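*Asks:* I need the structure of the sequence given here:
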Amino acid sequence: MFYHFLYPLKDIFFGFNIFKYITFRAAMAAFTSFLLCVILGPFFIKKLTLLKVGENIRKDECIKLYNMQPHKQGTPTMGGLFIIASIVISVSLWADFTNGYILICLVSALWLGLLGFKDDYRKLVNKSSKGLSAKSKLFWQSLLGLAIGVILFNDEKFSTILDIPFLKEIALDLGIFYVVFTVIVIMASSNAVNITDGLDGLAIGLVIMVVVSYSILSYVTGHAVFSKYLLIPYMPEAAELTVFCSAIFGASLGFLWFNAHPADVFMGDTGSLSLGGMIGTIAILTKKELLLLLVGMVFVIEVLSVMIQVFCFKLTGKRVFKMSPLHHHFQVAGWKESKIIIRFWIIGIILLIFTLMTLKLR
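*Replies:* Numbering: from 1, shown residues only. Here you go, the predicted structure:
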């Protein structure tokens, strides 16, 4: 909104020219979403507490046996509501809405936020940890991915060529299969964040690392000089996603203020499905899909731990991990919750640094 209303006034006063610059608007988007999250947080937490919108922890044998998370029972959830609200308001204020990529990301955020809200609401009504069925979640996630994939496939400016990290002369053109690839990326990223969201601040901290990397990747991808120098595909539309990534960063940082151990509120599926989906959408739009596997490696490992556990248990009747996802394995092994969180964050920071290094390792 500021870009559209204030930037045209540059002819009257040169100071308004600052709204042209993506770096300025990105910084302001981060600050705005952080401030909104910190301001809205106490209000939402109070309302959620009054409405008794509390967490229902898993009642399986491991939780009972090790008595790991009884303090989390009843903690307000659906904190994703004020994360999404902060992002949407901030982006609305600072982004360029003539850029179609911004609109796609907003739709992704709201679509998956609504899906997560429905899941959280069903858990609340049923007073259990069971919400929507896995099939139902996957259907609505895949529908969003399909819509985005079809839109991009029919966009003449968008390439279906898959950029391979480390290799500047090798690329893979997926053609029509890029639509399927889009569905997989969005579904996988959305569910990966959801699965990882099991300890105070764990998932939101890792989300911060991922969006910091994609803020930089978006900017250099949309910058003619930097993209040429780094030998990466130049996509001018992707630069505006720096503003969107910065808004996610600010909101995530603001949410971490309340979600740090011991948490005052949880994001719930409302937040985790939406944040994961936004990250996947941004990875697609910036043509940095495969780098998501690197910078989001902790999310990948968490998902794999669940898949391995389920597969092995069905096949042999034995568990590979003491409990899945992986963070619960370490918890059952006796690690303190804060130690698990910090060590996973450290790994996330290392992956962030290595991901940015790939820009020159080509």
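
*Asks:* And the contacts of stretch 221-238?
*Replies:* Here stretch 221-238 makes contact (C-beta atoms under 8 Å, 6 or more residues apart in numbering) with 22, 99-101, 157, 159, 161, 163, 168, 218-220, 239-242, 285-288, 359-360, 362. Placement of C-beta: from N, CA and C, glycine included.

*Asks:* for stretch 316-324, same thing?
*Replies:* Identification of contacts with stretch 316-324 by C-beta under 8 Å, 6+ apart yields 62, 305-306, 308-310, 312-313, 328-329, 331-333.

*Asks:* which of those residues has the weakest pLDDT?
*Replies:* On pLDDT alone, Cys62 ranks lowest of the contacts of stretch 316-324, at 52.

*Asks:* any chance you could map the strands in the protein?
*Replies:* Remark: strands assigned in the chain by DSSP state E are 161-163, 171-173.

*Asks:* and those strands as JSON lines, adding mean neighbour count?
*Replies:* Below are those laid out as JSON lines (neighbours: other C-beta atoms under 10 Å):
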{"stretch": "strand 161-163", "mean neighbour count": "17"}
{"stretch": "strand 171-173", "mean neighbour count": "12"}
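
*Asks:* So which of these is nearest Ala203?
*Replies:* Minimum separation from Ala203 across the strands of the chain (C-beta to C-beta) falls at strand 161-163, 27.0 Å.

*Asks:* show me where pLDDT drops low in the stretch 151-300 of the chain?
*Replies:* 168 (pLDDT under 70).

*Asks:* For the residue lying farthest from the centre of the chain, which residues are in contact?
*Replies:* Going by C-alpha atoms, centre = their mean, the residue of the chain most distant from its centre is Ile12, 39.9 Å out. Counting by C-beta under 8 Å, 6+ apart, Ile12 touches no other residue.

*Asks:* give me phi/psi at it?
*Replies:* phi -90, psi -40 (degrees, to the nearest 10).

*Asks:* what about the helices in the stretch 151-300 of the chain?
*Replies:* 177-196, 202-221, 224-230, 241-259, 268-285, 291-295, 297-316 (DSSP state H, counting those that start in this stretch).

*Asks:* Please convert those helices to TSV, extending it with distance to Ser133.
*Replies:* Below are those laid out as TSV (distance: least, C-beta to C-beta, whole Å):
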stretch	distance to Ser133
helix 177-196	13
helix 202-221	22
helix 224-230	43
helix 241-259	27
helix 268-285	13
helix 291-295	26
helix 297-316	16
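
*Asks:* Now distance to Leu112 and mean neighbour count too, for those, in JSON lines please.
*Replies:* Putting these into JSON lines (distance: least, C-beta to C-beta, whole Å; neighbours: other C-beta atoms under 10 Å) gives the following:
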{"stretch": "helix 177-196", "distance to Leu112": "6", "mean neighbour count": "23"}
{"stretch": "helix 202-221", "distance to Leu112": "14", "mean neighbour count": "26"}
{"stretch": "helix 224-230", "distance to Leu112": "29", "mean neighbour count": "13"}
{"stretch": "helix 241-259", "distance to Leu112": "13", "mean neighbour count": "27"}
{"stretch": "helix 268-285", "distance to Leu112": "4", "mean neighbour count": "29"}
{"stretch": "helix 291-295", "distance to Leu112": "16", "mean neighbour count": "21"}
{"stretch": "helix 297-316", "distance to Leu112": "15", "mean neighbour count": "16"}
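
*Asks:* among those helices, which is nearest Ser33?
*Replies:* helix 241-259 (3.5 Å).

*Asks:* Report the angle between the closest one and helix 202-221.
*Replies:* Interaxial angle of helix 241-259 relative to helix 202-221 (axes from the mean of the first three to the mean of the last three C-alpha atoms, to 10 degrees): 160 degrees.

*Asks:* helices or strands next to helix 241-259 in the packing?
*Replies:* helix 22-50, helix 80-94, helix 100-126, helix 202-221, helix 268-285 (3 or more C-beta pairs under 8 Å, 6 or more residues apart in numbering; DSSP states H and E).

*Asks:* Quick one: these as CSV, columns for distance to Asp173 too.
*Replies:* Shown next, in CSV, are these (distance: least, C-beta to C-beta, whole Å):
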stretch, distance to Asp173
helix 22-50, 29
helix 80-94, 32
helix 100-126, 21
helix 202-221, 18
helix 268-285, 15
